[in-house]
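Colleague: this is the structure alone, sequence omitted:
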């Protein structure tokens, strides 16, 4: 039993490393279910990467930037809570499909387009909420009013 668990863990780790180390994005779709909402632009999912092989991984939603929960100003924290709640609302439309899965600058996290069971783009829905902004992977703009004024 312990050997089987270790073998499964090694296979899952290998699959995750293969996903994150790939030079080319994995086109998908990869079926996934929500484990939890992390914040307004990141979710933890369980992805079915092979026959009966599931991997839990953090997914940064491609194309959006949400305010941070650990922000340095109360205004950004309030916006971050609202964006997290909005992400939890759209997450109810799961399960998901991950498309164009790519590695991220942080180990253990991937970047992907995420589509709900009804075919709705999570990024587009979140942009429509007005609680996130477009993001192309470059430098993030500040959300705190005092920092915005300093630009």
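Modeller: Thanks, I have the structure now. Everything numeric here is computed off the predicted structure, so don't read it as measured data. Residues are numbered from 1 along each chain as shown.
Colleague: tell me the bridge partners for residue 112.
Modeller: Per DSSP bridges, the residues bridged to residue 112 are residue 61.
Colleague: for residue 72, which residues are in contact?
Modeller: Each residue near residue 72 by C-beta atoms under 8 Å, 6 or more residues apart in numbering is listed here: residue 144. No exception for glycine: its C-beta is placed from N, CA and C like everyone else's.
Colleague: tell me which residues are up against stretch 112-123.
Modeller: 28-29, 32, 43, 59-64, 87, 90, 93-102, 125.
Colleague: one more pass at 6 Å, please.
Modeller: When contacts are defined by C-beta atoms under 6 Å, 6 or more residues apart in numbering, stretch 112-123 is touched by residues 59, 61-64, 90, 93, 95-101.
Colleague: can you pick out the ones from these that are in helices?
Modeller: Members of the contacts of stretch 112-123 lying in helices (criterion: DSSP state H): residue 90.
Colleague: where's the dip in pLDDT among the contacts of stretch 112-123?
Modeller: On pLDDT alone, residue 93 ranks lowest of these, at 85.
Colleague: for this structure, what spans make up the strands?
Modeller: Taking DSSP state E, the strands of the chain run over residues 30-39, 42-50, 53-61, 64-65, 96-103, 109-116, 133-134.
Colleague: didn't residue 55 look like it was pressed against residue 45?
Modeller: No. At 8.9 Å, residue 55 does not count as touching residue 45 under the criterion of C-beta atoms under 6 Å.
Colleague: neighbour-wise, which of those two wins?
Modeller: residue 45 (25 against 19; other C-beta atoms under 10 Å).
Colleague: lowest average confidence, helix or strand, in the chain?
Modeller: helix 2-21 (a mean of 52; mean pLDDT, DSSP states H and E).
Colleague: got the end-to-end distance for stretch 61-72?
Modeller: 23 Å (C-alpha to C-alpha, to the nearest Å).
Colleague: sorry, back to before: quick one: which of the contacts of stretch 112-123 is nearest residue 138?
Modeller: Proximity of the contacts of stretch 112-123 to residue 138 (C-beta to C-beta) peaks at residue 63, which lies at 12.3 Å.
Colleague: ok, the closest one - contacts?
Modeller: Contacts of residue 63 by C-beta under 6 Å, 6+ apart are residue 123.
Colleague: sweet, I'm off.
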